[in-house]
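Visitor: Structure of the sequence below:
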Amino acid sequence: MNYFIKRVLISLPTLLAISVIIFFILALAPGDPLSEFGSNPNITAEIRENIRKSLGLDQPIYIRYFKWLFAFFRGDLGYSFTSRSPVLDLILQRLPNTLMIVGLAYLISVILAIPMGLISAIKRYSLLDNIFTSIALFGYSIPPFFTGLLLIIIFSVQLKWLPFIYDSNLKVTDLNSFFQQIKQSLMPILVLSLYQTAVLMRFMRSSVTEELSHDYVRTAYSKGLSTSKVVINHILRNALIPVVTLIALDIPSIFTGALVTEQIFRIPGIGALLIESIYRSDTPVVMSIAMIYGILIVIFNLIADLSYSWLDPRVRL
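Guide: Numbers count the residues shown, from 1 in each chain. Below is the predicted model of the structure:
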């Protein structure tokens, strides 16, 4: 409990530093949220100035920062400069699409990568190891945008089996619409799963291979323990420590979405919202997404540290 309280107290100034960096970088970045009004002859300079004042852009940067910080921790993420909609509503509108695609893809990757890496390490240089390693190298070497375009050409353009544009207006009300949802989600999930599975599988294989050479493994075998008991009770728990760190750092990225994949398949997720907001200099949206991402990073790092003591009791000492 003392360790948990200590880590929480350390996290607070970390989050404060993150908020300062995010706010000042975005506030000082080039770009004007009112630039889209420049080509409209009906909006005079006086009107633009009044709009600027209504958005609080005429105030000193440090005052704007403290107002934004206090409002953020009250749950008020502000309003979008371009749509004038609450930022929280914009995020909640896009979040289900991101969780549906990116979250499900990462879950599939974890489920596949851990046993694949474990089997590949235990049966090194076997046919199964060669197959798993080849799949991992293929998935890791080819960038997701190329894989996405390749799948679109094969399954959408040539075979016409799957749609290449994600329909966010599709509502699952019956069996037919359910299958339509599966069809339009299949390619982006496959693209993301292939890459993440490759990364996690190679990491898992390396971690297990390193554990196999330790003395405690030979001692466990010399005591007459079966291979399954040695692997599950000894090797796996120790090998998962670095893998848990990698997973904990990756999970927050689910919130920000897959920037490239969402653009390729036209998925209206958080990643697409972030790109659109950057183009439009919509700093309240960009700041909120970046700050939430920073908070998730800190939280899941803490969860990873606490999980170490469960995986390896020696960490408690």
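Visitor: nearest spatial neighbour of Ser307, skipping sequence neighbours?
Guide: Among residues not flanking Ser307 along the chain, Val244 sits closest, at 5.5 Å (Cβ to Cβ, 6 or more residues apart in numbering). (Glycine included, C-beta is placed from N, CA and C.)
Visitor: Repeat that for Arg280.
Guide: Spatially, and ignoring its direct neighbours in sequence, Arg280 is nearest to Thr82 (5.0 Å; Cβ to Cβ, 6+ apart).
Visitor: before we move on, back to that, from Val110, how far off is the residue nearest to Ser307?
Guide: Taking Cβ to Cβ, to the nearest Å as the measure, Val244 falls 11 Å from Val110.
Visitor: can you check Arg237 too?
Guide: Separation of Arg237 from Val110 (Cβ to Cβ): 16 Å.
Visitor: for Asn2, same thing?
Guide: 31 Å.
Visitor: out of these two, which sits in the busier spot?
Guide: Using other Cβ atoms under 10 Å, the more surrounded residue of Asn2 and Val110 is Val110, with 17 against 6.
Visitor: Confirm for me that the more buried one is in contact with Ile247.
Guide: Yes: at 6.5 Å, Val110 counts as touching Ile247 under the criterion of Cβ atoms under 8 Å.
Visitor: Give the residues shared as contacts by those two.
Guide: Contact criterion Cβ atoms under 8 Å, 6 or more residues apart in numbering; residues bridging Val110 and Ile247 by contacting each: Leu200.
Visitor: Could you write out the alpha-carbon coordinates of stretch 91-104 in CSV?
Guide: The C-alpha trace of stretch 91-104 is given here as CSV (Å, rounded to 0.1, in the frame of the first residue of the first chain):
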residue,chain,number,x,y,z
ILE,A,91,-14.7,12.0,-28.2
LEU,A,92,-17.6,9.9,-26.9
GLN,A,93,-19.1,9.8,-30.5
ARG,A,94,-15.8,8.5,-31.9
LEU,A,95,-14.7,6.2,-29.1
PRO,A,96,-17.0,3.2,-29.8
ASN,A,97,-15.6,2.9,-33.4
THR,A,98,-12.1,3.0,-32.0
LEU,A,99,-12.7,0.4,-29.3
MET,A,100,-14.6,-1.8,-31.8
ILE,A,101,-11.7,-1.9,-34.2
VAL,A,102,-8.4,-1.1,-32.4
GLY,A,103,-9.4,-2.6,-29.0
LEU,A,104,-10.7,-5.9,-30.5
